[in-house]
Structure formats: C-alpha cells, structure tokens
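Any chance you could fold what I've pasted below:
(3 chains)
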Amino acid sequence: MTETTLDAPRRSAASSAVPATTDAADRARQRRRRRRTRRWAVGVPLWILAIAFLAPFAWMLSTSFKNELDAYAVPMEWIPSPAELSNYTTVLFGEDSILPAFANSVFVALLRVAGELVTATMAGYAFARFTFKGRDKVFLLYLATAIIPAQLLLVPRFIYFQQLGLYDTLWALILPGMFTVLGTFLMRQFFVAQPSEFAEAARMDGASEWRIFTRIYVPLASPVMAALGILAFVWSWNDYETPLVLISSPEMYTLPLSLTSFTNEQGALSPGLAMAASVVTIVPVLVVFLLLQRRFVQALTHTGIK
Amino acid sequence: MTLTPPLAPPAAPTPAPTTATRTGRGNPSLPKPWIGWAFLAPNLLGVLAFTLIPLLSVVGLSFTSWNLVSGLEGIEFVGLQNFLDLAVDPGFWNAALRTVVYAGISVPLTVLGGLGLALLLNGDVPGRAVLRVIFFLPYIVTVVAIGMVWLMILNPSAGLVNQTLAAFGLQDVPGWFASSHWALPALILIAIWSGVGYASMIYLSALSDAPTQLYEAAEVDGAGAWTRFRTITWPSLMPTTVFLLVTLFIGASQGFGLIALITAGGPGDATTVVSYYMYQNGFQFYRFGYAAAIGMATFVGVLALTVLTWRAQRGRTLHD
Amino acid sequence: MTPRTTLSRRALLGAAAGAGAAAALSGCGSGSTGSPSTTLQVWGGVPAANGPQELVDGFTAATGEQVTYTRFVNDDRGNLKVDTALQGGVDIDVYFTYAAQNMALRAGSGMALDLTDRVRADPELAPYLDTTAPRATMVDGRIVALATAREPHFLLFNESLREQAGIELPRAWTVDEFAATVRELAGPDRYGTYSVPDTARVSLGANYWYAPEGGSNFDDPAFLEWMQLGRSLIDDGAAYPWTEVLARQLEAYQQTPFLQGEFVVWPTAPFNLRYLNNAEDYPHDFLVAAAPTPTTARGDWNGGSFNNFIMINPRSTKIDLAWEFVRYWVTDGAGPMLGGGKIPALDVLPDEDVLAGVLGEEPEQWFDVESFRRTLFTDEPKLMTDTILSAVPEISLVSEQQRNLCWIGEKSPADAVASIDALADAAIRRYERQA
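Modelled structure (predicted):
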C-alpha cells in the first residue's frame, strides 16, 4: 500500500533517467499499465463506498427542496417533484433570514481559527521540542482538561463569563476557542515526530529559537496546521451549545442558533427549511476543506528537507 | 545532515526570544527553559483563563447538591454523598458498561478504518480531492441529516440493510433502533462511519510528512511493501495514532448528539451511555451536583485509559 | 471551604487575568445584562409567527409600550438556556413555562413573582383563584403562574376511512368501545389508531402518579390496564406498531402518517390542528372529525389540562408594565394565539370565535365543524392541573422507557408496570429527601 502512496512519483522520475533502450521502454510501459489497473482497482471500490458517505448530504439536498409533508413520506423520493425553491428564499431572505447569523459565524470562525493556529502551534512546539521543568505535568493537566465532559462546563462558563462582562458578546465564543487543548495536542504529536537535527544545526549557525520555529518547523508543519485549521473551523462553525447558553440577543446569533427558528413549538425541525439552511451552512465548510486539503499533498514537495 | 534553504536572510525586526538564544550560545542544543515557557504562554494563559477556571468549579460542584434555579446561594455542600450514591446506582454502572462496549469497539475500528482510507486516499486514485471531501462529509453534515438517513437505512422492515439481509435469505432480521439488543450495535456502526473521515484526514496530514529518505534506503535494501509499512510508516504515524485514540476515546465518552437525536438513550435504557446519563441528570433532572460527579467518574476512567495508551506507545515512535 | 467561596475567588482571579482583554473588547456586545432596556422583554416557546408577534403588536398598539418577544426552543437545552438567563440576571420581564418539570423548579425557587394580590384585585381574573380545577400554579397558597391556554385532548378521525368502514362517529364512548372500534377500523393497509389515550389519567385525574399516602401510585390497576390495552391492540394490528414508531421517530411527526392515511384514529390535542388545514404544506383530501376521550368505569377525565403558564421575573424592573402585559395576554389579547391551536384559559372569547380561530379560514373544507363544537365546548371536557410535581422528569422518563420496551414486545405489561412503580417510588423518595 505504501508503495503506491509514496514511491510512485519518485520511481517514474528515476525511470526517465535510465537510457531509453527498447527493453527499458517496454518495462516502463508495463509498469504504467500496471499502475493504471491498480489506480482503478482501488478507485472503483472507493467510489462505491463513497456513496454510503454521500447519503446524508444527498438527503439534506433533496429535503431542502420539499414541503413538510413530503419530507417524511415513506418511501422517500430522492429527486423531489415538484422541487420547491421557496425553502431557500425563506431562509435567506425571509423574516428569520440566516444571513446576519452567517456574518457572525464567519467573524467568530476566522478569529478562532487564526488564534488557534498561532497559539496551538507555539504551545505544541513548546511541549515537543523544549525541555523545561514542569513541562510534563502541565501537559498532563492539558490532557486532563480535555477529558472532563464539555457539557459540564456550560453552566460554570455562563456564570464566569457573565462576571467577566463577556456574556452575550461574540467574544464569549471566540476567546475560549482561540486557546484549545486538542489543537495543542495535535501539534505536539506532530512536532514530537520531527528529528531534532534541524534545530541543532540551526543553533550551531546561531539562529534564534524564534527563527528556528518560524523558518524550519512551521513550514514543515503546514499540512498538520491545515488539518487543524479545518478542524477548528468545523468546531467553531457547528458549535451549538456554547452560543446557546452564552448568547441571548438574536442579533448575536451564530448559524446553529439561527437554525432554531425553523423548529416548531415542540422543538421538532421543519425539515425543508432546516435542511435548506443546512445546505447554505455547509458550503463554507466545503470551501475551507477543499482549499486546505491541497496542503496535504503540496507539503510533500515543499518541505525543503532535501 | 546540513540545512540550507529554509533559513532566509533576516527580515524585519526579530521578536523577543532572539536575544535570549544568543546568550545561551555556550550550549546550543539546550535552549534556556524560559523559552519553552514563552512559547507555551499564549495558549497556557488562555486555557487557564477561559477553560481551567470554570472547570475547577465543576470539580467543586461534584461535592454539592445544586439544581441551578436556586442560584449560587442554593449550592449545598454534601461531601462525598454524590459519589456514594453513584457507587450503588445501577443506572450508572449499566451506562458505564455500555460506554466501554461502545468506545472499545468503535474507537479501534475507526482508527483502523481511517488509516486504511488515508493510505488509499494518499495514493493515486481517480477524483482524489473529491473523495477526500466525501469521506469527511459525515464529520460536517448536520447530525439531523445523519440521524434521518440512518433511521431510513436501518428501518427494520423497509430499510436497505434489512432488505438486503432478507434477500440473502435471512429470516430473523435485526430490529436495529426498535430493539434493545440491536440499538447499541447500530450506534457503534454509525460512530465508525462518521469517524473514519476525521481519522483519515488527520492521518493524511501526517502522511505528507513521511520520512522519504528512509523509504529510499529501505527500497535499496529490497524491503517489501509490508515491511516498509511496518518498520517505517506505522512507527512514524505512532504519535498521530495516539492522538486519534485519545481524542476518539474522549469523544466516545462525551459525545451524545446522535444518541440524543436517534434513540434518546432507548429503547428502555439500551443506549444510555455515560455521557447521556450525565445529560439526563444534569439537563433533564437538574441534578447538577450528581451530573458533575458522573463527569468526574468518567474523567477518572478516561484518564486511566489515556495513561495506558501513553505507556503502550512509549519508545515506539521514530524520533522520540 | 464551601464551593461558593471557591467559585467567586476563582472568578475574581480570572477576572483580573481577563480584565485587559475584556476591557479591550467591550465594544462588541449588546450588553443585555448590564443595562435594562426600556422595552419589555418577553421570552416564550411559541414561534413568533404563530401568534405571539401579532399579540405583541396588539399590545403596543393599545398601550404605546414597546415589547420584544424572544423565542426559545421548548426542549431540554432551550429551557436550560432560560434558566441560566433568569438566574444570571439577564433582562427578562415575562416568560413562559410549558413542562411540569420546569414549573416545579422555577415556581419553587423564587424565579416567579407572587401574583396573588393582583389577581384578587381583578374580577375578570377570578377563575384563577379556583382551587378545585386550578388554572394557576400555586406555591404555599400563593399564585406564581397563570395558564394562558387550555389543552383539551380529543381523538381525530380520518372521515373517509371511517365512512368506508361504515362506523358511526362516537359522541360519547367507553375505553372498551374504543378498543372494539379501532379493531374494526383496522384493515390490511391501515391501522385503527395511532396509539391508546392515557386511560389511567382518564380514571384517576390530576396527580395520578402519586399515591395519596405518598410514594408511587403505579401499583394502581389503572396503569396495568392501560399498558395491556396498548400491547394487545398493537399485537392485533389494530394500533400502529410501536417498533415503527421508534424506528421512524414518529412521536414527533404523527401528522405525517395520519395525513397519509396510515391510521384512522389519532389521539391528540388542538395544537396539531394546524397541520390539517394547510393545503400547501400538508395536502390531503379527507375531512377530519373529532370525538371525545373515551371514559372508563372509574372516571371521565379528559386527560388534557390547563397549560402554557405565563410568569413574571421577580427581578424585572418594570413589574407594573409586565403585569399589564400578562393581563393583556390572558384577556383582550388572546385572539392571535388561536391560529396555533391555543384556546384561551379564561372564557374571554365567544366559543364560535375560538372555533373559527383554531379551525382556520376554510373550516368546512377540512373539518366536520359540528363534531369539534361538540367535543371542545358543548360536552365540556373535564380538564385538570397537576399540583404535585415531585420528580416529574424522572418519572416521565422511566414510564416512557418501560412503555417502549413493553409495546415493542420485549417486556410483559406486568413487568413493565412493576419496573415503573419501583423506579418512580425511588425517585419520589429521593426527591423528598433532598427537598
């Protein structure tokens, strides 16, 4: 498995360096054919499996074009007829438009992601690449913090944030999200796996610790930082309970809170509206993912190790 | 190994730590301890201020009886009473056992599935970028959609799964969410399904950092694919695997969004795992002290597991 | 050291740490905690568009006072939000309580203003003083919450399926007649009824979970009869299979199978009528008629109750205005709430207006109007209000769990009821120990 994953580009590079005898060309052709078969032998089952992962998204999309009765009809129609656009106009431009909440969510998510990337990368680096007294104890404390169920934090956080004067402000959502334990943990696990030779060599050359960090290790870490960026964005974007308890003014609502406008008085969702809003909500997440996941591959050629 | 390209010529003003390293030049491999603290400080202060302080009050709450609506004045100190009650509460122990089953099966399978998926998605497959998004979708799609789709797929009479089983001649098809024996297995299935995309994304980000020079050396030595995986890829992924195991165990011990949505802990209490039991006691019964005590008990259990995972992986990574 | 002191000292410490940040950031908030606004703040669970907004606008037109209606989702977490906000001193003047468990906590914890004197001073509100079938929540004889709605239960019939089966629409009937009827209504492609009305409540009335001598009342035979009736109707194919109810989560969407003709009889309440007169979102082609709750040999309670309690936050800075608003909601202002199926708790509107309000603009197109007039008004459903609220959430959870196990066929009715009895008893005793 690793053969396909890591060596393919390098080997083809090597083969082009070999003198072009007919024998070698034959072998190269054979190898290409084998690679193509393998490409599809893996690709086709993966795509079939992918259908199972697409189903909820397809349901969301389909339901977003339906009226309420059809949404729960059995058996369901995957292609709604007639397809109604009215759900979208309602959630975007109706009385309970989600657009103001959309703006709040973007603001919160951008600051949270930026803050988390900076602080988690630095802290993860500190835990992994420096030795100082109390380091392991602090790290254990970090892990312990993550283990206590987050649900329990809601009410104490409400009381505490109110005393800080942050209740019903977007900062109540942003600030805790900028300093997270899991992000630090992820970055630490990455830096721990890096050889220390780079840093030692750079220190010999008289480089400062800050430059070693920003010029060597941060570029190395860019794929993991991309992953953390995606995760931090999703955590911020989909967080329902924190804003539920910490925000009360409708003009401060983030997207998950604004979706509650589309529930009836028993708390049951109005499926068409809720799913139309969810489709709109998910688009930025997909964009962020598509932009950042490219880093996973690019990094291979830009690490600058060799 | 020397290092040339990444060190660009000094740019604009260099931040504070620079001067400090200069003084520590006598022993360049050992930077001054305070530099480590300096790197840690922004995150540490934030965690202390916004997470740890509220969290300590949770620890305090577990020794009290409190129903929230009586206000801070209504907090009553009860000593170890909550923990004594917990020790003889069959509801709690049943929930704990279910959590062990739920996490014990779903977490390792999620990690394995995520690893396999990442290795495949890291290779040359048609439509790779789109596939990566698709497998990650369950992590970002609203739980409502996930719940509805799985309720349809696992419907005992008309669902896809049971119709397939029936087509293969199976007489006694599972009742899934309408059966107290099958509801937990169904949730485990969904947990794996929705977790592999997350695990594979983290693995993918780690794979792009794979030690290429080692692969080349191994290839020169004539090592086969499996040997290379076992001796290079797997050890180099060990820190990531630990991260995933720990975070997924934490997630399995805390998460209940799907349970609340699909089964609400039922039928009966068949899917009432610890996190949902805590939710019921806190958010439905308003027994916040007791809920905090359940949280502390969970904490001890997961912490023990984390420490075990930690011990098990020590010395198995590449550079540690 | 008490946790209270721990908490506040920690908070102070943190406040010092976060002070700089907080000061720098204070520009970005609505500050709804610090400065009470001049508008009246009302929190309720009904979506603003289903009546409250029109009611609020009516109040503003009549008095010139500004009111903001904030809608919360009436589920566990939504109510937690209300409780934290009330506790935390958020600017709320008037708020609503729907579920008994929330009422038990709020009424008993000083989160509701004593309204007794104001109610006494107002002859129009005299029905709230009644203690035999109370419409108000009282704590130690003091009124703390007023019901805004009455919620009689009834059984709805799909008229075309009923006529097809050649069965008379019942005007008064017993539980045995109900069972016989739904067995007859069941056919190869439909069930007779969605479920069984709570016959134990019909027999025993208010506070039916609590034994007069204390502890759980689930050893009363009425509960076993109810559980058995449900199980046997399901087993015989006369009632909707409970496995499907769980597998499709139908409890929240009962209107869907009803509108699609999957069953004939639907035991429900007026708030679900709005699914039955909306051609655009819920198209269907049959009339719906109403029949009363069947009675038992032991009682003829309707099963429904007074509900949707309105309360005033004692910390409100505008208590007189808040009271004026509460008074308006339960008297002159009640009209706009009819569209959402909320029948006023007081007799402030003529029956015909109420009927027109809950049935919608084209009643004859969707309903057998006469049957609703009879069921809701002429035959005077016997409503009730529970006054004992010990361990309500615990008991409702356990009875729901055991009912599910029994009705999906995993547990016998006798075992299920015995389990409820034991667990409810323990919950009540624990509640009393703590209170």
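
Not counting residues beside it along the chain, what's closest to residue 285?
By default, I'm working from chain A. Of all residues not flanking residue A:285 in the chain, residue B:140 sits nearest, at 4.8 Å (Cβ to Cβ, 6 or more residues apart in numbering or on different chains). Glycine gets a C-beta too; all of them are placed from N, C-alpha and C.

Oops, wrong one, chain B.
Computed as Cβ to Cβ, 6+ apart, the closest residue to residue B:285 that is not its neighbour in sequence is residue C:393, at 5.2 Å.

From what I see, that neighbour and residue B:282 are in contact.
No. Look at residue C:393 against residue B:282 with Cβ atoms under 8 Å: they stay out of range, at 11.3 Å.

who has more neighbours, these two?
Comparing residue C:393 with residue B:282 by neighbour count (other Cβ atoms under 10 Å in any protein chain shown), the higher total belongs to residue B:282, at 26 against 23.

would you say that one is within a helix?
Yes. When classified by DSSP: H, G, I helix; E, B strand; the rest coil, residue B:282 is found to be part of a helix.

Can you check what pLDDT the model gives it?
Listed pLDDT for residue B:282 reads 86.

Now do it against residue C:55, distance only.
Shown here: residue B:282 relative to residue C:55, a distance of 34 Å by Cβ to Cβ, to the nearest Å.

do the same with residue A:248
For residue A:248 relative to residue C:55 (Cβ to Cβ), the value is 21 Å.

Please say which of those two ends up with more neighbours.
The residue with the greater number of neighbours, taking residue A:248 and residue C:55 and applying other Cβ under 10 Å, is residue A:248; the counts read 27 against 24.

Quick check: that one touching residue C:70?
Yes. Contact between residue A:248 and residue C:70 holds when scored by Cβ under 8 Å: they sit 7.2 Å apart.

what about residue A:121, how many neighbours?
Here the number of neighbours of residue A:121 (other Cβ under 10 Å) works out to 27.

what's the answer for residue A:73, then?
For residue A:73, the count of nearby residues is 13 (other Cβ under 10 Å).

cool, residue C:349 as well?
Other residues near residue C:349 number 18, with proximity taken as other Cβ under 10 Å.

can you tell me the residue of the stretch 101-250 of chain C closest to chain B?
Closest contact between the stretch 101-250 of chain C and chain B, by Cβ to the nearest Cβ, is at residue C:243 (3.7 Å).

The stretch 51-200 of chain C: strands as residue ranges?
Across the stretch 51-200 of chain C, reading from the start of the chain, the strands by DSSP state E, counting those that start in this stretch fall at C:67-71, C:94-97, C:136-139, C:142-151, C:154-158, C:191-193.

just for the stretch 151-300 of chain A, where's the confidence low?
Per-residue confidence of the stretch 151-300 of chain A (counting by pLDDT under 70) places the weak regions at A:267, A:297-300.

Read off the pLDDT value for the residue nearest to the spatial centre of chain B.
Centroid check for chain B by Cα atoms, centre = their mean gives residue B:248 as the closest residue, at 2.0 Å. What the model reports for residue B:248 is a pLDDT of 91.

correct me, but it touches residue B:113?
No. At 11.3 Å, residue B:248 and residue B:113 do not qualify as touching, with contact defined as Cβ under 8 Å.

so what sits against both of these two?
Common contacts of residue B:248 and residue B:113 (Cβ atoms under 8 Å, 6 or more residues apart in numbering or on different chains): B:195, B:199.
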